[in-house]
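3D, please:
(one chain, ligands or ions: 1)
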Amino acid sequence: MSALNYLTQNELDEFDEVGYLIFPGLLNDDICTRVKADVDQLMVDRENGIKKMMVEYPEMGLVTSEPVIVDRVSDLMGGTQFTHHHIHARWQAPGERGVAWHHDYVQIPQTNRSHLMVHVFMYLDGLNGEVGDLLVMPGTHKRVMNGDAFRQFQFEDLPGSVTVDFLPPGSCIIVHSAVQHARRPKPGGGVYKRYFIDTSYCQEGVLWGSYPNLEAINEKALEMGHDRDGKYAFLYDTSQSFDRLKYIDQLKEANQGSLALKI
Ligand SMILES: [Fe+2]
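Okay, here's the model as predicted:
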């Protein structure tokens, strides 16, 4: 295992225990301002029916290889290789609906947690409790379960759950993708918009279910220079993934009976 460069051993232990790490104000004002302008443009484009890849927006796409994030993810990966899985981005306004408890660890069927997948939640304008709170259930990454195992609890507080409703601008939370979390809708306050970006990274060594056009996305990311002169080119390698929709029926078919019979 390589030495830690960006995280302390305490942070690593905390991540193993609870499944997430909060970094208040990790992204500086300059990055947040530039990326927010891209998110604004994305929202306008969506209104007008213009569909572009996230990585085609120069500042937003560059976030996929943002060193202050990717270098920390690298420490969590124990120095092993990993790839970029996706970037989602938008802002959320008053009246935004909630998202019920779920996890996002991409595995069909859910059977183990041998390899690490993380999501990075970025709050460019922070959180102020007005539009949506993040709920997380510490430790759930250690218990293998389906993504929707807690769905019936909607956005309720649960015994042991944690509410994150106040963060300064530029805050990032790196979450083990198998941690149960939710977005609790709030009524909104003044003019606050909840700028939200999430990116995701997958450890090498298994095939991860991905979007069907990941290869094209990765090519575009490289073309746009998101690899930062090659330093982060490893993120845009498609060989660690497969089109999950294409194979979902076959995977369900293979998931019958006892694994012991396949030894
Ligand atoms: Fe999620």
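
Where does pLDDT dip in the stretch 101-250 of the chain?
In the predicted model of the stretch 101-250 of the chain, no residue satisfies pLDDT under 70.

Helices of that one, residue ranges please.
Listed in chain order, the helices of the stretch 101-250 of the chain (DSSP state H, counting those that start in this stretch) span residues 214-223, 244-254.

between those, which gets nearest to residue 147?
Closest to residue 147 of the helices of the stretch 101-250 of the chain is helix 244-254 (C-beta to C-beta; 12.6 Å). (Each C-beta comes from the backbone N, C-alpha and C, glycine too.)

And that closest one, what's buried?
Buried residues in helix 244-254, counted by 16 or more other C-beta atoms under 10 Å: residue 244.

Same question for stretch 88-96.
89, 90, 91, 92, 94, 96.

Just the ones of these in strands?
Residues of those located in strands (DSSP state E): 89, 90, 91, 92.

Closest one of these to residue 156?
Closest to residue 156, out of all of those and judged by C-beta to C-beta, is residue 92, at 19.8 Å.

isn't the closest one right next to residue 197, touching?
No: using C-beta atoms under 8 Å, residue 92 is not in contact with residue 197; the gap is 11.5 Å.

Just give me the closest of the buried residues of stretch 88-96 to residue 167.
Taking C-beta to C-beta as the measure, residue 92 is the one of the buried residues of stretch 88-96 closest to residue 167, at 14.4 Å.

ok, now how distant is the closest residue to that closest one other than its chain neighbours from residue 77?
Closest residue in space to residue 92, ignoring its immediate chain neighbours: residue 194 at 4.2 Å, by C-beta to C-beta, 6 or more residues apart in numbering. According to C-beta to C-beta, to the nearest Å, residue 194 and residue 77 sit 29 Å apart.

Could you check which of the two has the larger neighbour count?
residue 194 (23 against 19; other C-beta atoms under 10 Å).

Can you pull out the residues in contact with stretch 11-18?
The contact list for stretch 11-18, computed with C-beta atoms under 8 Å, 6 or more residues apart in numbering, reads 4, 7, 21, 75, 76, 138, 139, 174, 176.

Please point out which parts of it sit buried.
Of the residues in stretch 11-18, 11, 14, 15, 18 count as buried by neighbour count, 16+ other C-beta under 10 Å.

that older thread, now tabulate the ones in strands among the buried residues of stretch 88-96 in JSON lines and tack on pLDDT and distance to residue 70.
Output for these, formatted as JSON lines (pLDDT from 0 to 100; distance: C-beta to C-beta, whole Å):
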{"residue": "89", "pLDDT": "97", "distance to residue 70": "17"}
{"residue": "90", "pLDDT": "95", "distance to residue 70": "22"}
{"residue": "91", "pLDDT": "95", "distance to residue 70": "23"}
{"residue": "92", "pLDDT": "94", "distance to residue 70": "25"}
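
Count the neighbours of residue 28 for me.
Applying other C-beta under 10 Å, we find 11 other residues in the vicinity of residue 28.

quick one on the thing from earlier: now, which of the contacts of stretch 11-18 sits nearest residue 52?
residue 174 (26.6 Å).

so the closest one sits right up against residue 71, yeah?
No: checked against C-beta under 8 Å, the pair residue 174 and residue 71 is beyond contact range at 11.3 Å.

So for these two, which sits in the more crowded spot?
Between residue 174 and residue 71, residue 174 has the larger neighbour count (other C-beta under 10 Å), namely 24 against 13.
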